[in-house]
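Trainee: Quick one: sequence plus predicted model below, questions after.
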Amino acid sequence: MQLVYLRADWCGVCHEKTPVAEEIARTMGVPLEMLDADREPEKARAEALRIRQVPTLALVDGDRIRFRLVGEMITADNVARLTEMTERTPPPA
């Protein structure tokens, strides 16, 4: 499992949320993959994961996105709540 963070240089909210995403990854003990929406192959990677908005923080498990948060919704509290919910919900068979 890892966190994927899609950002862009021109996005003010992205700059605000980057340290939040980094701290969340540290707290969770998972890798954080930073993707730039304006650069290839990072843009292609985001599109393959169906991540299109900036900023987006997604918890990725293999090829499956367990959850994603966009913009101001990227907070440690929201990640904690969603992580707890996904741990209680088994993946589809």
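Mentor: Perfect, I can see it now.

Trainee: and E72, which of the three is it?
Mentor: Of the three states, E72 takes helix under DSSP: H, G, I helix; E, B strand; the rest coil.

Trainee: what separates it from M1, distance-wise?
Mentor: For E72, the distance to M1 under the criterion Cβ to Cβ, to the nearest Å works out to 24 Å. Every C-beta, even on glycine, is put in place using the N, C-alpha and C of the backbone.

Trainee: Would you mind telling me which of the two has the busier surroundings?
Mentor: Neighbours were counted for E72 and for M1 using other Cβ atoms under 10 Å; M1 has more, 14 against 11.

Trainee: Need the pLDDT of that one.
Mentor: According to the model's per-residue confidence, M1 sits at a pLDDT of 93.

Trainee: Could I get the full set of helices for this protein?
Mentor: In chain order, the chain shows helices spanning 12-28, 42-48, 76-88, with DSSP state H as the criterion.
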